[in-house]
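**Student:** The sequence isn't on hand, but the structure is:
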DNA sequence: CACGTAAGAAACACTTGCGTATCTTATAAC
DNA sequence: GTTATAAGATACGCAAGTGTTTCTTACGTG
């Protein structure tokens, strides 16, 4: 189970810390927050609990550090395929690949935090997002308008971001990856008809 | 903490079972799934763990029983206002009032349960729902078709049930009740345009 | 009213994780 | 090379929950 793989040298400082965060992520991914214990993480990283306690005071603190590193290591790019449909599909596929797991996790991990602070997913997300930044789908729609693909009319934010809402819903409902058919349904049977009708 | 409140009589059979399920629900509501232990539930119900073990094999089984009772104790009636829009609005308002809490719970709090059992929200819902029953929105659409309000064409289940999906998403994101404006947006800006365009 | 069923109390051994203390030994810096 | 530092191993008492066993006693059935 140890991730040191016969490595005899003793790791230190930043290298050790990175290795621990990687191990922590793997434990979180495989065992969930309930299995996210210093015991399990130390074992997986091939080190011992005191080493973890010297860096983080407890599981919450380590969790934040773990998610922060993970989030920053996997950015999502806004696709530019030349068509509204292509962009939407590519975007959702990418989100599926890169964010499905994190989305499920976040709703669990942060729940304890929500309980304590009385805040919500939405508030936290708003606090984290850079203000005034357009969502990927807003950019995608804007480009389609510029190409003349769809009419240049005002659209409610809820309509523009609909695919991602439904995608997230799907992720939460199934606890995992969203099959391509579902993504196609969302785009072809709901979103495009809605955008094109105007 | 015991819910027996000076009750000296010894409860039996169905009465005892109901009392335990009520206690279980309170524990789940107050302490979350992490605190949903036989120990805590037995204490809250004013009984002992063996009594619980005689009925359910473990926390997962008790959880399903608890949610099923809760779900069925607050049935949603399918509104019949005479118009598609009125029915949809009334249905979502009712869902908001009666289901917001349990939905939050099932989707956010129970990930640990899903992990333990290897199941998902969708499966848990199936275990709780009475089988073979049409969803409220399916009935509402059917009636609208019968009235001649909308065309009699085949519609994907995803389209028919869209309002509830979006409603649920809203509940999860806000961790609570959904404001009426959001419900109106879902119905007027998304669902009705989609249904009426055909 | 007698009796069988099951409620409820208490204890069992066991497991997992916590947070800390102690000690060694490798290694980076000087 | 010597030395300060921190890695890594081991062990501690503590707490909470598990699943089970045993025993007593209340209560509904007949």
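**Tutor:** Nice, thanks for sending it over. Here the structure is a predicted model, which means the values were calculated and not measured.
**Student:** mind checking how far residue A:141 is from DNA strand C?
**Tutor:** 45 Å (Cβ to the nearest atom of the strand, to the nearest Å). From N, CA and C alone the C-beta is placed, and that goes for glycine too.
**Student:** got a list of what that residue touches?
**Tutor:** Contacts for residue A:141 (Cβ atoms under 8 Å, 6 or more residues apart in numbering or on different chains) come out as A:84, A:150, A:155, A:160, A:195.
**Student:** Grab the nearest non-local neighbour of the second one.
**Tutor:** Read that as residue A:150. residue A:144 (5.1 Å; Cβ to Cβ, 6 or more residues apart in numbering or on different chains).
**Student:** Next, the buried residues of the host helix or strand of that neighbour.
**Tutor:** When secondary structure is defined using DSSP states H and E, the element that contains residue A:144 is helix A:136-146. The neighbour-count check on helix A:136-146 (16 or more other Cβ atoms under 10 Å in any protein chain shown) flags A:136, A:137, A:139, A:140, A:141, A:143, A:144, A:145 as buried.
**Student:** Am I right that the second one is in contact with residue A:90?
**Tutor:** This means residue A:137. No. Under the contact definition of Cβ atoms under 8 Å, residue A:137 does not touch residue A:90, with a separation of 11.8 Å.
**Student:** Report the mean per-residue pLDDT for the one helix or strand residue A:85 maps to.
**Tutor:** If you go by DSSP H and E, residue A:85 is part of helix A:84-109. Looking at helix A:84-109 alone, the average pLDDT works out to 85.
**Student:** for residue A:65, phi and psi?
**Tutor:** Note on residue A:65: its backbone torsions stand at phi -60, psi -40 [degrees, to the nearest 10].
**Student:** Would you mind measuring from it to residue A:41?
**Tutor:** 11 Å (Cβ to Cβ, to the nearest Å).
**Student:** neighbour count winner among the two?
**Tutor:** In terms of neighbours (other Cβ atoms under 10 Å in any protein chain shown), residue A:41 is the more surrounded of residue A:65 and residue A:41; the figures are 26 against 16.
**Student:** What residues does the more buried one make contact with?
**Tutor:** With contact taken as Cβ under 8 Å, 6+ apart, residue A:41 is in contact with A:20, A:23, A:24, A:27, A:52, A:62.
**Student:** Just the ones of those residues in strands?
**Tutor:** Judged by DSSP state E, strands contain none of these.
**Student:** Number of residues surrounding residue A:91?
**Tutor:** Residue A:91, neighbours per other Cβ under 10 Å, totals 25.
**Student:** Touching, it and residue A:79? I think so.
**Tutor:** Yes. The criterion here is Cβ under 8 Å, and residue A:91 meets it with residue A:79 at 5.5 Å.
**Student:** Could you pull out the residues contacting both of the two?
**Tutor:** residue A:140.
**Student:** on that earlier part again, can I get the buried residues of helix A:136-146 in TSV with distance to residue A:174?
**Tutor:** TSV is the format used below for those (distance: Cβ to Cβ, whole Å):
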residue	distance to residue A:174
A:136	22
A:137	21
A:139	27
A:140	24
A:141	27
A:143	30
A:144	29
A:145	33
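**Student:** Any chance of JSON lines for those, columns pLDDT?
**Tutor:** JSON lines is the format used below for the buried residues of helix A:136-146 (pLDDT from 0 to 100):
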{"residue": "A:136", "pLDDT": "91"}
{"residue": "A:137", "pLDDT": "95"}
{"residue": "A:139", "pLDDT": "95"}
{"residue": "A:140", "pLDDT": "97"}
{"residue": "A:141", "pLDDT": "97"}
{"residue": "A:143", "pLDDT": "96"}
{"residue": "A:144", "pLDDT": "96"}
{"residue": "A:145", "pLDDT": "96"}
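**Student:** who touches both of residue A:65 and residue A:41?
**Tutor:** Taking Cβ under 8 Å, 6+ apart as the contact definition, residue A:65 and residue A:41 share the neighbouring residues residue A:24.
**Student:** interface residues of chain A facing chain B?
**Tutor:** Near chain B, the residues belonging to chain A are A:32-34, A:104, A:107-108, A:111-112, A:114-115, A:120-122, A:156, A:158-159, A:162, A:165-166, A:168-169, A:172-176, A:185-186, A:189-190, A:193-194, A:197 when assessed by Cβ under 8 Å from any Cβ of the partner chain.
**Student:** Can you say which of those are buried?
**Tutor:** The buried subset of the residues of chain A next to chain B (16+ other Cβ under 10 Å) comprises A:32-33, A:104, A:107-108, A:111, A:114, A:120-121, A:159, A:162, A:165-166, A:168-169, A:172-175, A:185-186, A:189-190, A:194.
**Student:** just the contacts of residue A:41 that are near DNA strand D?
**Tutor:** Checked against DNA strand D using Cβ under 7 Å from any atom of the strand, the contacts of residue A:41 yield no neighbours at all.
**Student:** Show me where chain A dips below the pLDDT cut-off.
**Tutor:** Counting by pLDDT under 70, the ranges of chain A that qualify are A:1-8, A:107-110, A:112-118, A:124-131, A:198.
**Student:** give me that answer again for 50
**Tutor:** Scanning chain A for pLDDT under 50 picks out the ranges A:1-7.
**Student:** can you list the domain ranges for it.
**Tutor:** Following automatic domain parsing, chain A resolves into domains at A:13-58, A:74-196.
**Student:** Residue A:138: what's its closest spatial neighbour, skipping adjacent residues?
**Tutor:** Counting by Cβ to Cβ, 6+ apart, the residue nearest residue A:138 is residue A:160, at 5.6 Å.
**Student:** Let me fix that, I meant to ask about residue A:196.
**Tutor:** By the measure of Cβ to Cβ, 6+ apart, the closest residue to residue A:196 outside its immediate chain neighbours is residue A:150, 6.4 Å from it.
**Student:** which SS class is that neighbour?
**Tutor:** For residue A:150, the secondary structure call by DSSP: H, G, I helix; E, B strand; the rest coil comes out as coil.
**Student:** That one: what's it in contact with?
**Tutor:** By Cβ under 8 Å, 6+ apart, residue A:150 lies in contact with A:84, A:141, A:144, A:195, A:196, A:198.
**Student:** JSON lines for the residues you listed, including distance to residue B:132?
**Tutor:** Converted to JSON lines, the contacts of residue A:150 look like this (distance: Cβ to Cβ, whole Å):
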{"residue": "A:84", "distance to residue B:132": "39"}
{"residue": "A:141", "distance to residue B:132": "40"}
{"residue": "A:144", "distance to residue B:132": "42"}
{"residue": "A:195", "distance to residue B:132": "36"}
{"residue": "A:196", "distance to residue B:132": "36"}
{"residue": "A:198", "distance to residue B:132": "39"}
